[in-house]
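>>> okay, sequence plus prediction incoming.
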Amino acid sequence: MDPQLGTEISAGLGAVAGLALAAGGCAYAALWPASRIFGTSFIAPRNPGELALTFDDGPNPAWTPRLLDVLATYGVRATFFMVGNHAASEPALVRRIVAAGHLIGNHSWSHPNLALISSRRVEQELVRTSDTLQQIAGKPVRLFRPPFGARRPIVLRTARALGMTPVLWNAMTSDWSNPSADSIAAHLIRSIDRAERSGSAANVVLHDGSHLDRAAYRGPSVNAVSQLAKRYKFTHRFVTLDEWT
């Protein structure tokens, strides 16, 4: 092989590897909950024995009411991060959630990947959702969770400028695609117990709706909540996120 050609090939491979590493680093910074490369977000305090149930992508007219019934049965209050256009379609359900003592938060208007859209649209997504939720619930929204956990510095700055604390999680599973409540609960139990051993509270994510399909089946998620409530009702204190932030 021509030595010059070999050098050029090596340089090219090195550049490709560098780009792949950079892309991987950006993805980690934008999506991984524990990453602080693009700025800090709240996850959970050093309060072992406390547990926050949080729900994304609702409200859903079929499954959110069933979830509310389960939470009421066990006397558990939770935090609901709502997609703005779903909330606008279900104002009575939003008010029912608030009246039951649950907390609501901003999950954007249409659930885009906020790490990939323009700064102007980021602001529009967050402002429209906060304004809508405040008009329905009669109180300002103080918490924000980015869809997919995707963020970059402008996303976090915009949320804070609107008076919201960005919140991620330390216990999650793919309940949106898992048909087994037992599997969902078992995965989350492992995460909750791991947080306990590390001296941390558990901030759990489940889904009461879907940003893709409003008719999505959420029975396994609701049933998994019942299992978690039964398991931890005597060992943990269930909280809403405003008790931590």
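Nice, thanks for sending it over.
>>> where does the record place the domain boundaries for this protein?
Domain assignment of the chain by automatic domain parsing yields the ranges 1-31, 50-243.
>>> now those as TSV including mean neighbour count?
Where C-beta positions appear, they are placed from N, C-alpha and C, glycine not excepted. Below are the domains of the chain laid out as TSV (neighbours: other CB atoms under 10 Å):
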stretch	mean neighbour count
domain 1-31	11
domain 50-243	19
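>>> which stretch in those has the least confidence?
The weakest mean pLDDT among the domains of the chain belongs to domain 1-31, with a mean of 45.
>>> would you map the helices across the chain?
In the chain, the helices defined using DSSP state H lie at 3-31, 64-74, 84-89, 91-99, 119-137, 153-161, 181-197, 219-232.
>>> tell me the angle the second one makes with helix 91-99.
Comparing the axes of helix 64-74 and helix 91-99 via axes from the mean of the first three to the mean of the last three CA atoms, to 10 degrees yields an angle of 20 degrees.
>>> distance from the chain centre to helix 64-74, please.
In terms of CA atoms, centre = their mean, to the nearest Å, the centre of helix 64-74 is set 20 Å apart from its chain centre.
>>> now do it against helix 219-232, angle only.
Put simply, helix 64-74 runs at 10 degrees to helix 219-232, going by the same axes, to 10 degrees.
>>> and helix 64-74, what does it pack against?
Using 3 or more CB pairs under 8 Å, 6 or more residues apart in numbering; DSSP states H and E as the contact test, the elements touching helix 64-74 are strand 50-58, helix 91-99, helix 219-232.
>>> need the contact partners of that helix.
Contacts of helix 64-74 with the rest of the structure, by CB atoms under 8 Å, 6 or more residues apart in numbering, involve 53, 55, 58, 77-78, 80, 90, 93, 96-97, 100, 102, 208-209, 218, 221-222, 225-226, 229-230, 233.
>>> swap in 10 Å and give it another go.
Contact with helix 64-74 is made by 53, 55, 58-60, 76-78, 80, 82, 86, 90, 93-94, 96-97, 99-102, 206, 208-209, 218-219, 221-226, 228-230, 232-233, 238, as judged by CB atoms under 10 Å, 6 or more residues apart in numbering.
>>> the residue lying closest to residue 78 once chain neighbours are set aside bridge partners, please.
Using CB to CB, 6 or more residues apart in numbering and skipping the chain neighbours, the partner closest in space to residue 78 is residue 53 (4.2 Å). Here residue 53 sits in beta bridges with residue 204, going by DSSP bridges.
>>> for residue 131, what are its contacts?
By CB under 10 Å, 6+ apart, the contact set of residue 131 is 84, 106, 109, 140-141, 162.
>>> can you pick out the most distant pair from those residues?
Greatest spacing in the contacts of residue 131, by CB to CB: 109 and 140 (16.8 Å).
>>> in contact with residue 49, which residues?
Applying CB under 10 Å, 6+ apart to residue 49 gives the contacts 196, 201-202, 232, 235-237.
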